[in-house]
Structure formats: C-alpha cells, structure tokens
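*Asks:* starting from these lines, generate the structure:
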Amino acid sequence: MSEKRVISVIIVNFNGGDLLTECVRSVLASTVCVTVHIVDNASSDDSLHTLIKAIGNDKRVHIIKNAENLGFARAANLALPDATGEYLLFLNPDCLICPDTLARFASIMDKYPQAGMAGGLVRNLDGSEQAGCRRSVPTPWRTMVRVFYLDKLFPHSKRFKSFVLTCQPLPDKPIEIEGISGACMFVRRTALESVGPMDETYFLHCEDLDWFMRFQAQHFSILFIPDIEVVHVKGVCSRREPIRILWYKHRGMVRFYRKFFRHQYPLLLFWGVILAVWMRFAILAVKVLMRPRE
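*Replies:* Numbering: from 1, shown residues only. Purely as a prediction, here's the structure:
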C-alpha cells in the first residue's frame, strides 16, 4: 500500500459531546494518512468547542459549521467536494476505531475491486454485536416478519427470516451482504461517483438503506468484514429528542418502501405495511412519553 495514500473520513456531528473528540482522536491516530471532515449540524452543546480546543490547528481536520440541522445525508454530502481520498469513511461521531482500521479496510477493498463499500463488526460498549451491523435489506415482507415475530414462530422456515443477521454465526472471512451499519461505511470513491451521493430527501435514518440498494443496482457489492471491529456508543446524538428521531426514522422507512417496493406488492398489502409502520411509531412514541424522567 502506498505511503501517500490518503483516506478521507466524514463525520456528521449533532450534539456529540465529548465522544466527538474521542472519535476524531481515534481517526487521527490511524496508521495511514487521513483528512477528517466534520460537518456540524448546528449543535447546541459544546462538542465542537471541545474538539477544537483538543486538536488545536491540526491541518488534517476540516470543519463545516451549518447554521441549521440539515439532516445526515445533506450534511455528509457537503463534505464530498473537499474529501478527495481514494476511499472515504462515513463515521458516526459516537464511534471509535483502532489505529489500523482504515489501513485494513483499504487493504481488503483493494482485493475486492467490485466492492463499492464495506463495513465491519460494530460492537456495543459491552462487547455485544449491534443488530444493524450485518443485515438483509428490510423489505416490507421482512419487516412484517420481524414485527410479528414470525421468525421466532417459524425458526426453520426460509420464508419467515428476519433481516437482522446477528443470530447467525460470524463468518471467518469477508462476505458479500445486503446491508452494513450506517454508522461506519467505508466507500470506494469511484463507486460513489458512479452511484451518486446519499439521497438528501431522507433527513435521518434509511439513507444508508437507500444507498445499499443503489450500489447493488449498479452491480457494486457490499462487504461485511468480521475481523475489523468498531465500537459504537449508540444513541448519544439522539437521546435529547427521542420522539423526533423516531419520527424521522419511520418517515424515512415509508419513503424507502415507496421508492423501491411500491410496485412489487399488491396495493392493499403495501398500504397495510405503511399503516403498520405508523402504528409502530405511535406505540414507541407512547412508550417514550411514559418513561419516568431522569
């Protein structure tokens, strides 16, 4: 691998707290040359101030300050003109990587020229695997299977399989997969230029699913690399407004379904799925409202 290779890391921050600084420090400690592009979505905490104080005038770090919260996809896309690396890592500000993570991602992607992006084994703080780090695309049918626990009722049926794959044994080598974690997406620049940037009509959540579908439509594979591990302290940036985040997540899912699956299902079944999505939102929102306040 060339010593002059530069990998661009794009981090969209919204009230990331001290974890933003830890995240950036972990990236700057990489064994390859990096540029770090932080797009701040009008954070109201001191995460950006703390970061600037910690890193000083490190020329590898570039910061874009938005006057308002533009959402994840739109903010990430703002960094693309300046992020000139052969590979780009889209990383959540509450993720921590190891010094050799970027080098290992690049080395494996070099061996799979048809791979458009790759993800690793994303773990929680307690070491458990996060559910979204390897998954199938959550089609309307697969979502209904998961919502109604049909995969539990019919565990041996291929028809009633959930889109979450964490129940399966970890592979012993990189494998092609339908979806990885949106918290850590290692993307080949030439593939991105062919597919296009993330769809900015998603404000938060599901823009990654949309991207997976488009990458595969352009015949780029997606890799899951089990021996590259990333720690994701999930929910740090969203805990202040849980109902709003739930709203964006479910609205994004509806858009995703309408964009890719509207004509693949009978009309009555399709709109039944959409109704189920909003019913799920209502149930989860009520649960949030009923939680005792800290």
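*Asks:* helices of the stretch 101-250 of the chain, residue ranges please.
*Replies:* 101-111, 140-147, 150-153, 189-195, 207-217, 242-260 (DSSP state H, counting those that start in this stretch).
*Asks:* which of the ones you listed is buried the deepest?
*Replies:* Mean neighbour count (mean count of other C-beta atoms under 10 Å) peaks for helix 207-217 among the helices of the stretch 101-250 of the chain, with a mean of 20. Using the backbone N, CA and C atoms, a C-beta is placed for each residue, glycine as well.
*Asks:* and it, average pLDDT?
*Replies:* Taken as a whole, helix 207-217 has a mean pLDDT of 97.
*Asks:* so which of the helices of the stretch 101-250 of the chain is nearest V12?
*Replies:* With C-beta to C-beta as the criterion, V12 lies closest to helix 207-217 of the helices of the stretch 101-250 of the chain, at 10.8 Å.
*Asks:* what's the angle between the closest one and helix 242-260?
*Replies:* 20 degrees (axes from the mean of the first three to the mean of the last three C-alpha atoms, to 10 degrees).
*Asks:* roughly how far does G127 sit from T201?
*Replies:* 36 Å (C-beta to C-beta, to the nearest Å).
*Asks:* those two - which one has more neighbours?
*Replies:* Applying other C-beta atoms under 10 Å to G127 and T201 shows that T201 carries more neighbours, namely 13 against 8.
*Asks:* ok, back up a step: which stretch among the helices of the stretch 101-250 of the chain comes nearest V273?
*Replies:* helix 140-147 (4.2 Å).
*Asks:* which outside residues touch the closest one?
*Replies:* Contact partners of helix 140-147, identified using C-beta atoms under 8 Å, 6 or more residues apart in numbering, comprise 136, 138, 150-151, 160-164, 253, 257, 261, 265, 269-270, 273, 276-277, 280.
*Asks:* now the buried members of those.
*Replies:* Among these, the ones that count as buried by 16 or more other C-beta atoms under 10 Å are 138, 150-151, 160-164, 253, 257, 261, 265, 270, 273, 277, 280.
*Asks:* filter those down to the ones in strands?
*Replies:* The members of these all map outside strands under DSSP state E.
*Asks:* just these now: which is nearest V27?
*Replies:* Once C-beta to C-beta is applied, the member of the buried ones among the contacts of helix 140-147 that ends up nearest V27 is V164, at 28.1 Å.
*Asks:* and that closest one, what does it touch?
*Replies:* 131-132, 135, 146.
*Asks:* pull the most distant pair out of these.
*Replies:* G132 and R146 (12.4 Å).
*Asks:* returning to what we had before: pLDDT and distance to P226 added to the contacts of V164, as a markdown table?
*Replies:* Shown next, in a markdown table, are those (pLDDT from 0 to 100; distance: C-beta to C-beta, whole Å):
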| residue | pLDDT | distance to P226 |
| --- | --- | --- |
| A131 | 87 | 15 |
| G132 | 88 | 15 |
| R135 | 93 | 14 |
| R146 | 76 | 23 |
